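Q: Need a 3D model of the following:
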Amino acid sequence: MYRIFGPKMWIAVTAYVAAAVASMFAMIDYNPPLGTAVLMVQAMVAAIFMTPLWRWFWRRFPLLNRLVFPDLNGEWDVVSTGNYPRIRRLLDAAVRRADPIDMEFAPEDELPELSPIHLRPQCLMTQH
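A: Next comes the predicted model:
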């Protein structure tokens, strides 16, 4: 998730959580060693973003799907295209089984069709 949010967002979240932890300690009149405070902040951030808890946030606040990124868990219908027919045509032209073709400048209707590839991947990063 680091790459999705970027360093500025992580710094802001960590600073916010650190301020919340410091406020919590101030309310109970406890001054822990710095290492303990850092550990608590890391544990809170990890509990939110590395467990199913983050999915609760995405369901509770649907705007996060547009602002940050959508919840990618689930099954997806994916259609991609492969260029193997075009590669095959170039290989055939190289051994003179087909006429030469310039893939860069040939009109689209003269190129071999791209082959569709249908996939149904599952993304299960966290369970419900």
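Q: In the longest helix seen in the chain, which residues are buried?
A: Longest helix in the chain, counting residues (DSSP state H): helix 7-27. Residues of helix 7-27 classed as buried: 13, 17-18, 21 (neighbour count, 16 or more other C-beta atoms under 10 Å). To be clear about C-beta, it is placed using only N, CA and C from the backbone, and glycine gets the same treatment.
Q: which secondary structure elements does that helix contact?
A: helix 34-49 (3 or more C-beta pairs under 8 Å, 6 or more residues apart in numbering; DSSP states H and E).
Q: which residues does Met103 contact?
A: Counting by C-beta atoms under 8 Å, 6 or more residues apart in numbering, Met103 makes contact with 86, 90, 111.
Q: pLDDT wise, what is it at?
A: Confidence at Met103, expressed as pLDDT, is 88.
Q: Starting from Leu114, give me the distance back to it.
A: Distance of Met103 to Leu114, computed by C-beta to C-beta, to the nearest Å: 12 Å.
Q: Can you check which residues contact both of these two?
A: When contacts are counted by C-beta under 8 Å, 6+ apart, Met103 and Leu114 are jointly contacted by Arg86.
Q: Poorly predicted segments of this protein, please.
A: Within the chain, the segments meeting pLDDT under 70 span 1-6, 49-51, 125-128.
Q: if you set the cut-off to 50 instead, what comes out?
A: Judged by pLDDT under 50, the chain has its weakly predicted residues at 2.
Q: Name the member of the contacts of Met103 with the most neighbours.
A: Counting neighbours by other C-beta atoms under 10 Å, Arg86 leads the contacts of Met103 with 17 neighbours.
Q: Now that residue. Nearest residue, chain neighbours left out?
A: Distance criterion C-beta to C-beta, 6 or more residues apart in numbering; nearest residue to Arg86, sequence neighbours excluded, is Pro112 at 5.1 Å.
Q: Share the number of residues neighbouring that neighbour, please.
A: Neighbours around Pro112, by other C-beta under 10 Å: 17.
Q: Who are the contact partners of it?
A: Neighbouring residues of Pro112 by C-beta under 8 Å, 6+ apart: 85-86, 88-89.
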